[in-house]
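In: Provided below are the primary sequence and the corresponding predicted coordinates.
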Amino acid sequence: MGRFTNPRDLYFGEGARHEVKNFKGERAMIVTGGGSMRRGGFLDELEADLREAGMDVDIIEGVESDPSVETVMKGAEAMAAFKPDWIVAIGGGSPIDAAKAMWIKYEYPETTFEDMCIVFGLPKLRTKAKFCAISSTSGTATEVTAFSIITNYQAGIKYPIADFEITPDVAIVDPEITYTMPAKLCAHTGMDALTHAIEAYVSTAASAYTDANALYAMREIVEWLPKSYTGDKEARKHMHDAQCIAGIAFSSGLLGIVHSMAHKTGAAFSGGHIIHGCANAMYLGKVIQFNAKDDRARARYAYIASEVFHLDGETEEELVQALVQMIRDLNDKINIPQGIKNYGQAGVIAETSIIDEKEFFDKAPQVAVNAIADACTGSNPRQPTPEEMEQLLKCVYFDLPVEF
């Protein structure tokens, strides 16, 4: 039996963020990130709208990129003191993901982080609060998904929390919030969204319900992402909707080892973080080459190439390679490195990587094991061995073709 789960309500379009004026409740806790929502005036607007709805409001600010277990636990303590019946997260994927985990701990104070990480093992939520997510970036789609990514910095590992219980009650997709998004963030989150759509389409959990969303999203993203990267507002509108639709696809259709590798390489190295969306962009073509050894996956990649993007190729193998090249060309257009060997600060192209080669390969065996254990691996169309995962890591570092 399959399952297709979305938020109960999704509001979209310019000005949709003001829908919170119609929420019914007594206390709302806002969770947000490092300051862009306050600088843009969106945080003050949100607080005013919630107060207009008759609620007392408190705010958790300063959630970091790649939120930590510690941030989650501190936020849950603040929620326990304030006792909100609405949690409203606004910003990029990090504050929304952190708020989801805080929500779990707030509803069930005895829950440990290890408990949260049991895949589809959460108790029933909404015993204390409902959850609204307002996304400011066009990529993670966490406003509609059953996932949250939290980093254990002591272990150097990002852990996905996966359960339909943390699918928000309300998602708000307002493109006005994205108009000032920096180009680099636009590039990384956009490639994250494309990865969501393509992985969901070849996932072993894909269905007719997720396929429809995945195919539409990937077409829109490839058309509009380069224009969105330049700051075009019409393109930003299309991208904000498309990334959300990709999220609807992968929340029920699940993902694959592009995300497994991105989760487990992201915080593993002393030179710096590998930004999640940039990691997906660098890894996606390699994983397509790896997965294309599977007959079903190869046929699906070929369908994407021929029917969605109208690429040239006489055989499935040729179409797969055309799809990989299209992704490489897209990375070039939006200034994303093709391999970790050229990964600089903030994900820019550099002659010398911030990720030391020796450290990368010293840690590769354990990173490979961690990636295979990631929640996203189980729905990948081809299951890698630890040795194959190590080879994939070599390919994504040196930008080598995958031929095994």
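Out: Thanks, I have the structure now. Quantities reported herein were computed from a predicted structural model and do not represent experimental measurements. Residues are numbered from 1 along each chain as shown.
In: can we go C-alpha only for contacts and neighbour counts from here?
Out: Noted.
In: nearest residue to Tyr179 other than its sequence neighbours?
Out: Setting aside the residues directly before and after it, Tyr179 is nearest to Lys233 in space (CA to CA, 6 or more residues apart in numbering), at 6.3 Å.
In: actually Thr112, not the one I typed
Out: Of all residues not flanking Thr112 in the chain, Lys105 sits nearest, at 7.7 Å (CA to CA, 6+ apart).
In: can you check Pro175 too?
Out: Leaving aside its sequence neighbours, Pro175 sits nearest to Lys237 (CA to CA, 6+ apart; 5.2 Å).
In: From Lys227, how far off is that neighbour?
Out: 11 Å (CA to CA, to the nearest Å).
In: And these two? Which one has more around it.
Out: Taking neighbours as other CA atoms under 10 Å, Lys237 and Lys227 compare with Lys237 leading, 22 against 16.
In: which is the next helix or strand following the helix or strand harbouring the more buried one?
Out: Assigning secondary structure by DSSP states H and E places Lys237 in helix 233-253. Where DSSP H and E defines the elements, the next helix or strand beyond helix 233-253 is helix 257-266.
In: which residues sit against that following helix?
Out: 157-160, 195, 199, 273-276, 279-280, 283-284, 287, 367-368, 370-372, 374-377, 380 (CA atoms under 8 Å, 6 or more residues apart in numbering).
In: same thing with stretch 112-127?
Out: Residues outside stretch 112-127 that contact it (CA under 8 Å, 6+ apart): 69, 101, 104-105, 107, 159-166, 375.
In: Ok, stretch 8-17 next?
Out: Contacts for stretch 8-17 (CA under 8 Å, 6+ apart): 19, 46, 134, 168-176, 237, 241.
In: Can you pick out the ones from the residues you listed that are in helices?
Out: Among those, the members falling in helices (DSSP state H) are 46, 237, 241.
In: ok, now how distant is the residue nearest to Thr112 from Glu52?
Out: Distance, Lys105 to Glu52, by CA to CA: 28 Å.
In: what do you get for Ala302?
Out: Separation of Ala302 from Glu52 (CA to CA) stands at 52 Å.
In: Next: Ile245.
Out: Taken as CA to CA, the span from Ile245 to Glu52 is 31 Å.
In: Would you mind telling me which of the two has more residues around it?
Out: Counting neighbours by other CA under 10 Å for Ile245 and for Glu52 shows that Ile245 has the greater number, 26 against 14.
In: Tell me which helix or strand in the chain has the weakest average pLDDT.
Out: Ranking every helix and strand in the chain by mean pLDDT, DSSP states H and E puts strand 157-162 at the bottom, with a mean of 93.
In: Contacts for that strand next, please.
Out: Strand 157-162 is contacted by residues 101, 116-120, 146-152, 263-268, 374-375 when judged by CA under 8 Å, 6+ apart.
In: Now do the same contact list for Met73.
Out: Taking CA under 8 Å, 6+ apart as the contact definition, Met73 lies against 102, 105.
In: repeat for Ile177
Out: 42, 135-137.
In: Narrow these to those in strands?
Out: Of the contacts of Ile177, the ones assigned to strands by DSSP state E are Ser135.
In: Now the buried members of the contacts of Ile177.
Out: Buried members of these, counted by 16 or more other CA atoms under 10 Å: 42, 135-137.
In: thinking again about what came up before, so which of the contacts of strand 157-162 belong to strands?
Out: When the contacts of strand 157-162 are checked against strands (DSSP E), the matches are 147-152.
In: shaky segments in the stretch 151-300 of the chain?
Out: Residue ranges of the stretch 151-300 of the chain with pLDDT under 70: none are present.
In: next one: phi and psi at the residue nearest the centre of the chain?
Out: Residue closest to the average C-alpha location in the chain (CA atoms, centre = their mean): Thr140, at 3.3 Å. Backbone torsions of Thr140, given as degrees, to the nearest 10, read phi -70, psi -30.
In: And Glu351, by the same measure?
Out: Dihedral pair for Glu351: phi -70, psi -30, per degrees, to the nearest 10.
In: That one reaches Asn342, doesn't it?
Out: Yes - at 5.6 Å, Glu351 counts as touching Asn342 under the criterion of CA atoms under 8 Å.
In: In terms of neighbours, single out the busier of the two.
Out: A side-by-side neighbour count of Glu351 and Asn342, using other CA under 10 Å, places Asn342 first with 20 against 9.
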